[in-house]
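1. Next come a sequence and a model predicted from it.
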Amino acid sequence: MSFHVKRTETKHQDPLKQYRGIRSTTWATPAPGKSVREIQTTHTPTALQKIPDNLDYLTPPPHWHWYQDEYFHIKEGRYIFTLEGITTTLSATSPQPIHIPARARHTFKVDPTHSGPCTIEISTTISPHGADDKFFCNIYSYLDDCYVQDVAPSLPQLLLMLDAAEISMAFPGPEWIARPVSWVFGVLVGRWLGGLLGYRASYEEYWSEEWRKTK
């Protein structure tokens with residue numbers, strides 16, 4: 001398991017590019033009542049077929065948000081959503097937005113068989129310490145550094161970033177036991193161990209509050 005990768009300065013990138021240009025992400029002013037408005041485009045989804053699953057850091061692991069509802073609006077292309085173990089393929093013609101309630105275990109990914117660009121808009125309801133553009137800029141940049149440098153992501157680092165944004169990895173099993181166990185796991189391995197190892201939730205190479213205010 002890696003410690004700190006060499007961090008690439010991405011804080012001024014707009015859009016933020018990942019996987020050597022396969023995906024790009026930009027952020028706009030959130031709508032009232034929302035903490036983030038992210039527009040994410042996968043330009044060549046079929047290129048992901050050549051990337052082994054264990055190196056596909058563009059697909060988030062199953063997770064749940066403590067307090068935030070999450071909304072997805074597919075603008076073009078197809079995406080595959082998994083919500084509480086049920087997987088569905090959706091497109092721009094499907095009913096929008098796709099609503100993920102707080103505490104629901106979920107993940108999503110672009111459909112790698114789609115031949116054209118795929119664009120999705122992501123937003124979350126407001127929570128004082130929840131997911132926002134700062135969180136996404138940091139975790140996307142970190143994971144891209146891991147991919148480009150061929151370094152395995154650090155579990156304590158990832159869990160620390162998630163915990164700081166009020167997110168836990170989702171464990172399988174009954175909700176009544178899986179949810180508290182996954183939360184405790186994130187606190188112990190991410191917040192405590194990750195903190196002791198010197199990890200942070202945000203890095204100056206990945207995020208600039210001052211620069212974002214000018215956007």
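-> Yep, that arrived. Residues are numbered from 1 along each chain as shown.
2. Below-threshold pLDDT in this protein: ranges please.
-> Residue ranges of the chain with pLDDT under 70: 1-3, 211-215.
3. now the helices: where do they sit in it?
-> For the chain, the helices defined by DSSP state H occupy 133-149, 155-164, 175-185, 195-196, 209-213.
4. Buried deepest among those helices, which one?
-> Burial of the helices of the chain is given as mean neighbour count (mean count of other Cβ atoms under 10 Å); helix 155-164 ranks first at a mean of 23. Quick note: C-beta positions are derived from backbone N, CA and C, even for glycine.
5. For stretch 203-212, output the C-alpha coordinates as PDB.
-> As requested, the backbone C-alpha atoms of stretch 203-212 are provided in PDB (Å, rounded to 0.1, in the frame of the first residue of the first chain):
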ATOM      1  CA  TYR A 203      -4.100  19.200  -0.600                       C
ATOM      2  CA  GLU A 204      -2.900  22.600  -1.900                       C
ATOM      3  CA  GLU A 205      -1.900  20.900  -5.200                       C
ATOM      4  CA  TYR A 206      -5.500  19.800  -5.800                       C
ATOM      5  CA  TRP A 207      -7.600  22.700  -4.400                       C
ATOM      6  CA  SER A 208      -7.500  26.500  -4.200                       C
ATOM      7  CA  GLU A 209     -10.400  28.200  -2.400                       C
ATOM      8  CA  GLU A 210      -9.300  31.600  -3.700                       C
ATOM      9  CA  TRP A 211      -9.100  30.400  -7.400                       C
ATOM     10  CA  ARG A 212     -12.500  28.700  -7.200                       C
END
